[in-house]
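Participant: turn this into a structure:
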Amino acid sequence: MSSLFSRRDALRASAGIATFAIGGKAMAAWPDRPITLIVPYPAGGGTDIVARTLAPIMERELKATINVVNRAGGGGVTGHDAIARAQPDGYTIGMITNDLSFYTHLGQSKLTHRDFTKIGQTNEILGSVTVKEGSPWNTVGELLAAIKAQPGKLRGTGAAPGVNWHVGFLGMMDSLKMDPRSVVWVPAQGGTLGHQDVAAGGSEFSTSSLAEARALLEAKKVRTLCLMGDARAEQFPGIPTLKEATGSDWTFAVVHGMGGPKGLPAEVTARLSDALAKAHANADFQAALKQRTIRAINRKPDAWDAILETQLNTYGRLLRDAGLARG
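Facilitator: Numbers count the residues shown, from 1 in each chain. You can find the predicted model right below:
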């Protein structure tokens with residue numbers, strides 16, 4: 001009998017059929033049915049575009065169907081919660097973002113990045129400092145000097161208080177030892193609307209992304225003074241980084257990646273991570289992100305986890321200092 005099992009095991013191994021133990025049960029030949037990829041935001045947004053560009057390429061790598069499902073609501077909380085609560089069997093995964101660095105501090109949810117198995121980072125969307133075309137400030141230094149000279153007069157925008165692009169603003173001001181309360185923050189329902197408010201003259205500057213400003217930049221409605229990144233954007237090489245312009249080391253981006261529920265088996269995680277890395281290197285994926293001024297970055301699970309942990313702590317301090325933390 002033992003020799004029969006040995007022969008069967010050898011045949012199974014030679015056929016490349018993997019068996020994983022999940023919840024005390026054996027799962028053979030994963031994946032043998034479709035995978036659901038949850039996007040915690042509406043269709044057509046940056047996270048959705050990344051997911052839908054990756055999915056067909058990863059399908060070829062995994063030889064399985066990947067269904068992209070949008071679970072929007074609660075500023076991303078609803079979808080992130082659905083990913084975290086899924087069975088850890090590799091059949092429900094999702095796009096997760098560094099919005100997970102805000103929820104617990106703002107009292108919106110107990111979810112943090114620690115509630116997920118990381119598969120890999122996919123990209124980042126850099127924050128900026130953008131003003132109306134024809135404004136009196138040609139550099140971010142000039143804008144900052146105007147803020148110092150006229151505290152409480154100039155208006156900034158780009159997001160709701162305590163959310164992504166506002167945190168980018170808080171970090172920039174903190175790094176330059178400037179009081180963020182010297183700016184009147186105008187809430188915006190998304191970075192694109194923030195830039196549009198600047199173009200219309202409602203606010204003096206926005207700190208939302210270069211990607212969201214691109215159409216207005218090309219139409220010469222706005223002017224981006226600097227990027228909150230560690231390098232200039234290939235598509236707009238004339239725009240300096242915040243460090244080049246001011247000496248500040250502060251960087252900020254909305255970060256996207258792929259993850260699953262906590263407890264995802266190591267073998268499944270490794271296969272997903274490998275498939276993601278191969279899809280990320282695909283020329284079609286790289287071209288799609290470049291076209292949208294989104295920076296493609298593939299970080300392995302451990303490296304991405306470390307970044308999210310740092311952000312969870314850093315952003316929490318900024319929100320506490322601004323009096324916005326509730327959790």
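Participant: can you pull up the most central residue in the protein?
Facilitator: Taking CA atoms, centre = their mean, the centroid of the chain lies closest to Val255, which sits 2.2 Å from it.
Participant: what is the helix ranked longest in the chain packed up against?
Facilitator: Taking DSSP state H as the criterion, the chain has its longest helix at helix 301-321. Helix 301-321 makes packing contacts with helix 103-106, strand 116-126, helix 164-175, strand 253-261 when contacts are defined by 3 or more CB pairs under 8 Å, 6 or more residues apart in numbering; DSSP states H and E. C-betas here are computed from N, CA, C, even on glycine.
Participant: ok, which of the ones you listed comes nearest Gly202?
Facilitator: Smallest distance to Gly202 across those (CB to CB): 15.5 Å, for helix 164-175.
Participant: give me the neighbour count for the nearest residue to Val163 once chain neighbours are set aside.
Facilitator: If the residues on either side of it in the chain are set aside, Val163 comes closest to Phe102, at 6.5 Å by CB to CB, 6 or more residues apart in numbering. The local packing of Phe102 (other CB atoms under 10 Å) involves 27 other residues.
Participant: re earlier: looking at the helices and strands packed on helix 301-321, which is closest to Arg299?
Facilitator: Among the helices and strands packed on helix 301-321, strand 116-126 sits nearest to Arg299 (CB to CB), with 3.9 Å.
Participant: what does the longest helix of the chain contact?
Facilitator: Outside helix 301-321, the residues within contact range by CB atoms under 8 Å, 6 or more residues apart in numbering are 98, 100-102, 104-106, 112-114, 117-121, 162, 167, 170-171, 174, 255, 257, 269, 273, 299, 325.
Participant: my guess is the residue nearest to Val163 meets Trp165, correct?
Facilitator: No: if you go by CB atoms under 8 Å, Phe102 and Trp165 don't touch, sitting 11.5 Å apart.
Participant: for the residue nearest to Val163, give its distance to Gln87.
Facilitator: 27 Å (CB to CB, to the nearest Å).
Participant: before we move on, what about Leu100?
Facilitator: 20 Å.
Participant: more neighbours: which of these two?
Facilitator: Higher neighbour count among Leu100 and Gln87: Leu100, with 25 against 13, using other CB under 10 Å.
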